[in-house]
Structures are given as structure tokens and as C-alpha cells.
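Undergrad: Here is a sequence together with a model predicted from it:
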Amino acid sequence: MAVDLHLHSYFSDGSESPTTVVEMAVAAGLSGIALTDHDVLDGVPEAKAAAANHGIRFIGGTELSVLWRKQSMHMLVYFLEPGEGPIQDRLEELRRGRHERNLEIVNRLQELGLTITYEEVAQEAGTGVVGRPHFASVLIARGFVDSAQAAFDRYLAAGRPAYVPRLRLTAEEAISLSRESGAVPVIAHPHTLHLRADEFATGFRELVACGLGGIEAYYGEYSPEMRNRIAEICAGLGIVATGGSDFHGTYKDHLAVGIGTGDLRVPDIVMDQLEQIR
Ligand code: AMP
Ligand code: ZN
Ligand code: FE
Ligand code: FE
């Protein structure tokens, strides 16, 4: 059986409810999932209940943007429930930092003549945590760009004129806080780190010493060879090779639950391995 350990709902920048995400996982024949909305755990109780209803396994989690060697790194944190805790307490602060960043993005866009308001973006996000994909949607709706990719490439991506960095933990802080919370931190989609092949094997050693529990090896944008190579690196480091689709619903309509761009398959043993390393 297969699982999917990287999924977003409308509690952050996905378009679907946690219940719908679970139903899509069941329809895809998956035996377990993790919900990993950005900086928020609000969707976890609903997803957990839906997974229990359907008899599939479930892990609550989140995805953080952290700083590592001056780069932006995404970190998935598994085995989290809403409430109090070392990492939970920092999520609120991170969401505040995100909100301030979002207001600044609106200013930048307005200066560029793209006259969108924060209210439009907040409305697009509904009750969820506001992220750049919501900005992209508003820019499309207002006719300023014709695709989300164009919105990122022209304005929102790092290095582009409306890019504004936001408050981030360092990778080491995120790992320590996760472990103190009884959670397992995992590096998401490591190809976004611009590491050379030789650095790939050695670069993460110090993070493993801090408590890193895994690296996302099974990811849609990787070739099967690349997935296997990252899995081998994980085995060498004594950590778990995890995986998931990074499903966002209509915000990334090329990615489907369970299969990513089509050929993804994350073995269900990954869930057991995460539990063992916890
Ligand atoms: P935020 O959390 O607001 O910083 O936005 C992060 C979201 O934007 C994630 O869903 C990313 O996958 C998406 N994203 C970030 N950079 C890009 C990019 N260059 N192209 C497309 N999507 C991106
Ligand atoms: Zn996202
Ligand atoms: Fe990510
Ligand atoms: Fe993601």
C-alpha cells in the first residue's frame, strides 16, 4: 500500500477541506496520510477524524520555512496536534511574521502598479493562513498575469520585485523545537536547496546530529533514480526517506493526492519508520 505525507488543505494554501483531502486519499487507494499545512495545525483534528472514519492512518503535521546556510529550506514536522508545546507556541509568532510580510507584499505590488488590496487576498484565502499562492490567484483574477507560475516568476518568487522574506526559525531551532515537542522534523523537497551532488550526501550530517529525522525522497519532481539516490543517502545517515505529493488542490493543479505528477508512490512502511524514529 502507498501513503502521502505532504498534503495541504484550505487551512493554509490548499483549496480543499481536510475531509476532502482524506476522501481523495481513500479514492487513490492510500492507507495513510499526513496533513502538513504551512505554519498551522488547525486542520489536523478534522483530518484525523475523517481518516479514522475511513480507517486509514493519519499523522498531524505542518510545513515550516526555515533558514539553513542562508538558504530557505522547507521542513515538514510530523506528529503534531494543536495546543501548547515548544513548536506549537512558535507557530503563532511565525503566522504573525507571515501576516506582516503579506502586508508588505501588497505594498510592493501596489508600487508596481498592480492595484490589489489585502482584503482581496484575505478573501481568497478564506479562513486559512494567507500564502503567496493566494496572491497569485488574485493577480490572475484581476488579469495581471495568466497563470500562477507567471505570478511567481514575475513578482512573487525569491529575487523578484514583490518578494519579501518573512520571519523564520533556523533549521537547527526548528529541529530542536520539534524534538522537544515529540515531533519528527524532515527536510521537504531538498532539490530546492541548490546543493551540489557531493554536498547532498554530506550537507545534512550536522542536521542529523541535531535530530533531523528524515528527508523527502519520494517527490513528484524527482526522477525514480533521484528518489532512490536520496533514499540511499537517508539509509546512510540512519534517517527515514519520506515522501508526498505536496498537493494544494486547484492552487497547483498538476499535483494529485498520492501520485503527484503521476508516477509517485510512497511506500507505507515510511509511516512505521517515522514512528520508530520518533
Ligand atoms: P508562502 O508560504 O506564502 O511563502 O508561499 C509558499 C507557497 O508558494 C508554497 O506552496 C510554494 O510551493 C509556493 N511557491 C514558492 N515559490 C514558488 C515558485 N517559485 N513557483 C511556484 N510556487 C512557489
Ligand atoms: Zn503551500
Ligand atoms: Fe514546500
Ligand atoms: Fe508543501
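TA: Nice, I can see it. Ligands and ions are numbered 1, 2, ... in the order given.

Undergrad: which residues touch Ala174?
TA: Residues counted as contacts of Ala174 (C-beta atoms under 8 Å, 6 or more residues apart in numbering) are 64, 66, 75, 77, 87, 185. Placement of C-beta: from N, CA and C, glycine included.

Undergrad: Mind checking which of these are in helices?
TA: Of the positions in those, Ile87 sit in helices, assigned by DSSP state H.

Undergrad: from the stretch 51-200 of the chain, which residue is nearest to ligand 2?
TA: Gly131 (5.7 Å; C-beta to the ion).

Undergrad: what does the chain give?
TA: Checked against ligand 2 (C-beta to the ion), the nearest residue in the chain is Asp13, 4.2 Å away.

Undergrad: For ligand 1, see how far away that residue is.
TA: Here Asp13 is placed at a distance of 5 Å from ligand 1 (C-beta to the nearest ligand atom, to the nearest Å).

Undergrad: Look at that residue and give its secondary structure.
TA: coil (DSSP: H, G, I helix; E, B strand; the rest coil).

Undergrad: Tell me how many other residues surround it.
TA: By other C-beta atoms under 10 Å, the residues close to Asp13 number 25.

Undergrad: shouldn't it be in contact with Glu124?
TA: No. Shown here, Asp13 and Glu124 do not form a contact pair, counting by C-beta atoms under 8 Å, at 9.7 Å.

Undergrad: and for those two, which residues touch both?
TA: Where contact means C-beta under 8 Å, 6+ apart, the residues bridging Asp13 and Glu124 through contact with each are His134.

Undergrad: Show me the strands in the stretch 1-150 of the chain, by range?
TA: Per DSSP state E, counting those that start in this stretch, the stretch 1-150 of the chain carries strands over the ranges 2-4, 30-38, 57-68, 71-78.

Undergrad: do you know how far Glu104 is from ligand 4?
TA: When C-beta to the ion, to the nearest Å is applied, the distance between Glu104 and ligand 4 equals 22 Å.

Undergrad: That should have said Ala25, apologies.
TA: Computed with C-beta to the ion, the distance linking Ala25 and ligand 4 is 16 Å.

Undergrad: Can you tell me, leaving aside adjacent residues, what's nearest to that residue?
TA: Spatially, and ignoring its direct neighbours in sequence, Ala25 is nearest to Ile33 (4.7 Å; C-beta to C-beta, 6 or more residues apart in numbering).

Undergrad: dump the residue contacts of that neighbour.
TA: 3-5, 7, 21-22, 25, 47, 51, 56-59, 257.

Undergrad: could I get the residues you listed as CSV with pLDDT and neighbour count?
TA: Formatted as CSV, the entries for these read as follows, by pLDDT from 0 to 100; neighbours: other C-beta atoms under 10 Å:
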residue, pLDDT, neighbour count
Val3, 98, 26
Asp4, 98, 30
Leu5, 98, 27
Leu7, 98, 30
Val21, 98, 27
Val22, 98, 28
Ala25, 98, 28
Ala47, 98, 26
Ala51, 98, 25
Ile56, 98, 17
Arg57, 98, 17
Phe58, 98, 21
Ile59, 98, 25
Val257, 98, 24
